[in-house]
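J.: Here you go, sequence then predicted model.
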Amino acid sequence: MDLLENVIKLGISPVESLQVLTCMFAGIFAGCSLYVAVVEAPSRVDLPIHSLWEQWATSFKRGAIFIPILSLCMAMSSGAVYYLSSSSPVRTLWLVPVGSCVFSVIYTAIVMGPEIKILLEKDVITKKGNDWTKQAIARWVRRHYIRVVAILITFLVSVFAAVKS
């Protein structure tokens, strides 16, 4: 409670703090997603297949730990803003991060999940071949762009809602 009391003493309401947190989480999420799509994935494209797969799989496994936690924190903070700001004219905009989180989970599970499961197998190159593996990683990158657009929109909506609140 001391932290909450100190924040209130500074003149920052709990709702404003949650708005800042939501924007921060959405910004970090958007930045990570954009980095993967624009920098990391294209930089690996010309690697030998074993290096390409190994780097993709390592990066994916790390992201699969970090990104869901970040997404959940974003959704929880924005859901709390929605709940606590019943009189705000932009209240419903705080549901966008929650919806983005739900969309990302469903999209990843249904559209990307089956192929990700195959790609993460240690002997995928032996089983499926070099061309299939390279094409599957390229498909993952293209499908990831949908999530990038969704989280960038989420970040912009969050900032807009925070400014208008």
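T.: Okay, I see it.

J.: what about stretch 39-54, distance to the chain center?
T.: 21 Å (Cα atoms, centre = their mean, to the nearest Å).

J.: tell me how far the ends of that stretch are from each other?
T.: 17 Å (Cα to Cα, to the nearest Å).

J.: Quick check: buried residues in that stretch?
T.: 41, 44, 52, 53 (16 or more other Cβ atoms under 10 Å). (Glycine included, C-beta is placed from N, CA and C.)

J.: I'd assumed residue 137 was in contact with the third one.
T.: It refers to residue 52. Yes: in this structure, residue 52 is within contact of residue 137 by Cβ atoms under 8 Å, at 6.4 Å.

J.: could you point out where the chain is predicted with low confidence?
T.: Within the chain, the ranges that satisfy pLDDT under 70 run 1-10.

J.: Nearest the geometric middle of it, what residue?
T.: By Cα atoms, centre = their mean, the mean C-alpha position of the chain lies nearest to residue 29, the distance being 4.5 Å.

J.: which SS class is that residue?
T.: Look at residue 29: counting by DSSP: H, G, I helix; E, B strand; the rest coil, its state is helix.

J.: what does the one 10 residues further on give?
T.: Local secondary structure at residue 39 is given as helix here, using three-state DSSP.

J.: For residue 157, see how far away it is.
T.: From residue 39 over to residue 157 the distance is 24 Å, taken as Cβ to Cβ, to the nearest Å.
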